[in-house]
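1. Sequence plus the predicted model coming up.
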Amino acid sequence: MPEESYYHRRTIASRLSDCLLFLVQFLKHPKRVGVPTQSPRSIAETVREELRARGARCVIELGAGLGMLTSGILEAIPPEEKLLCLEREPAFCRRLASRFDGRVELVNVNALELPGIMAGTRWERPDAIVCSVPLLGDFARDLCGMIAQVLPPDGLYLQVSNMRTAVEEFFDVQETYLYLDSVPPEQLHRSVHR
């Protein structure tokens, strides 16, 4: 099944199962998951359009969750391209592994391990990094600093977060989108190197 139609064709049972799994993981690890529900499709659509506007081919996703943004990214990049996804939660990885067969390289690690994973691979010079890892505490600064180090000077950084202080420390935030259809409302920050 093509990635573009996956989220449009899900059954009610599949959607409920995703909602329940996401909520359970949030209750177990609130700081790691960040929010009690998946990002809405509207964020994935904005991510898709931002990546298309940039002509992005080589993309890395940090914090893939259950694949809502993954779906939007795959719609944006050429069909022959693969996407590198890092996801820390094993329960999310198990579900993701069955969804985007063949086009996603899924790695079950902390996002801070990205430099070692991308070194010497086709993802060494990504066009864009899409991140929905929660920006909380000292981890936020560490994560944004790492992204600033590995993203090429002309790369695009898209961050889903209501916090942008750490992003602004390392990047120029060009635009912030607000999504009121998310629980809680979320923001997507489009950023580039200064």
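-> Arrived safely.

2. ok, then the element right after the lowest-mean-pLDDT helix or strand in the chain?
-> Least confident helix or strand of the chain, by mean pLDDT, DSSP states H and E, is helix 3-9 with a mean of 50. Remark: after helix 3-9, the chain's next helix or strand is helix 12-28, criterion DSSP states H and E.

3. how far is whichever helix or strand comes after that next one from where the chain is centred?
-> Following helix 12-28 in sequence order, the next helix or strand is helix 30-33 (DSSP H and E). Put simply, helix 30-33 sits 15 Å off its chain's centre (CA atoms, centre = their mean, to the nearest Å).

4. next one: stretch 57-74
-> 5 Å.

5. Now do that stretch: distance from first to last residue.
-> 10 Å (CA to CA, to the nearest Å).

6. Where does residue 52 sit, in terms of helix or strand?
-> Applying DSSP H and E as the criterion places residue 52 in helix 41-54.

7. can you state the direction angle for the helix or strand hosting residue 189 and helix 41-54?
-> Here residue 189 is covered by strand 186-193, with elements defined by DSSP H and E. Following axes from the mean of the first three to the mean of the last three CA atoms, to 10 degrees, one obtains 20 degrees for the angle between strand 186-193 and helix 41-54.

8. The nearest residue to residue 158 once chain neighbours are set aside: neighbouring residues, count only.
-> Residue nearest to residue 158 in three dimensions, not counting chain neighbours: residue 130, with 4.7 Å by CB to CB, 6 or more residues apart in numbering. In short, each C-beta sits where N, CA and C put it, glycine included. Residues lying near residue 130 (other CB atoms under 10 Å) number 30.

9. that older thread, pairing partners for the strand holding residue 189, with directions?
-> strand 156-160 (antiparallel), strand 171-179 (antiparallel) (DSSP bridges).

10. Would you mind giving the ones you listed as CSV with mean pLDDT added?
-> Output for the strands paired with strand 186-193, formatted as CSV (pLDDT from 0 to 100):
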stretch, mean pLDDT
strand 156-160, 98
strand 171-179, 97
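
11. In the sheet, which strands lie alongside the helix or strand just after the helix holding residue 52, parallel or antiparallel?
-> Counting by DSSP H and E, the element after helix 41-54 in chain order, helix or strand, is strand 59-62. When pairing is defined by DSSP bridges, strand 59-62 lines up against strand 83-86 (parallel), strand 128-131 (parallel).

12. just so I know, which of these lies nearest residue 114?
-> Nearest to residue 114 among the strands paired with strand 59-62 is strand 83-86; the distance by CB to CB comes to 6.2 Å.
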